[in-house]
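Q: Just the structure for this:
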Amino acid sequence: MLFKYSILSLCLIIVANSVLGETEDENQYMRDSYDYCRRWLGKSLNHTITKYEFLLYMGKNISDWYALDFYFINNPDANAKKAVIDLSLYGELFKYICNKHGRAVRNCAEYRKSKAQSTSYVAMQYLDWEDRE
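A: I've put the predicted structure just below:
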């Protein structure tokens, strides 16, 4: 009986993670990316970020700006929170931009981290809006 309960519990955990279409690995990449983004911005880990800060971290691409505007127009709940992007919304937006660029979440997270390491938040603010990648 205990074995059946264990199998049932395992199945429920797998289904719960699969319902969102995310693996636990992807969830961890989102958490790590969000934490790194806030550190890059000079924020503590208990603060949220804004749409502008998100776009700076993602590379200050003008096409991403327009893509997010389109996303927010079509998602009123997300639009209401664009000034206070939490982990959940960050994950949605991050995946949206990664998909737009045709990249897997893991690859995109690693790439954004490496790009952020090579350009400071202050330096990124002075760059013009253009498509860099």
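Q: From now on I want contacts and neighbour counts done on CA atoms only, so please keep to that.
A: Noted.
Q: Report pLDDT for the most centrally placed residue in the chain.
A: Note on the chain: the residue nearest the mean C-alpha position is residue 94, at 3.1 Å, using Cα atoms, centre = their mean. For residue 94, the pLDDT comes out at 97.
Q: On the three-state scheme, it is what?
A: Under the three-state scheme (DSSP: H, G, I helix; E, B strand; the rest coil), residue 94 adopts helix.
Q: For it, give its distance to residue 24.
A: The gap separating residue 94 from residue 24 is 16 Å, by Cα to Cα, to the nearest Å.
Q: roughly how far apart are residue 115 and residue 31?
A: Per Cα to Cα, residue 115 is found 18 Å from residue 31.
Q: Same question for residue 107.
A: Residue 107 is 14 Å from residue 31, by Cα to Cα.
Q: higher neighbour count, the two?
A: residue 31 (16 against 12; other Cα atoms under 10 Å).
Q: How far does stretch 70-87 stretch from one end to the other?
A: 20 Å.
Q: mean confidence score for it?
A: Stretch 70-87 comes out at a mean pLDDT of 96.
Q: Can you list the buried residues in that stretch?
A: For stretch 70-87, a neighbour-count test (16 or more other Cα atoms under 10 Å) marks 72, 78-79, 82, 84-87 as buried.
Q: can you check stretch 87-99 too?
A: Buried residues in stretch 87-99, counting neighbours by 16+ other Cα under 10 Å, are found at 87, 89-91, 93-98.
Q: How far away from the center of its chain is that stretch?
A: 4 Å (Cα atoms, centre = their mean, to the nearest Å).
Q: got the contact list for it?
A: The contact list for stretch 87-99 (Cα atoms under 8 Å, 6 or more residues apart in numbering) reads 30-31, 34, 64, 67-68, 78, 104-105, 108.
Q: Selection in PyMOL covering whichever of those are buried, please.
A: Typed into PyMOL, the line below selects the buried ones among the contacts of stretch 87-99, using 16+ other Cα under 10 Å:
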select buried, resi 30+31+34+64+67+68+78+105+108
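Q: which regions of this protein lie under the pLDDT threshold?
A: Along the chain, the model assigns pLDDT under 70 to residues 1-23, 133.
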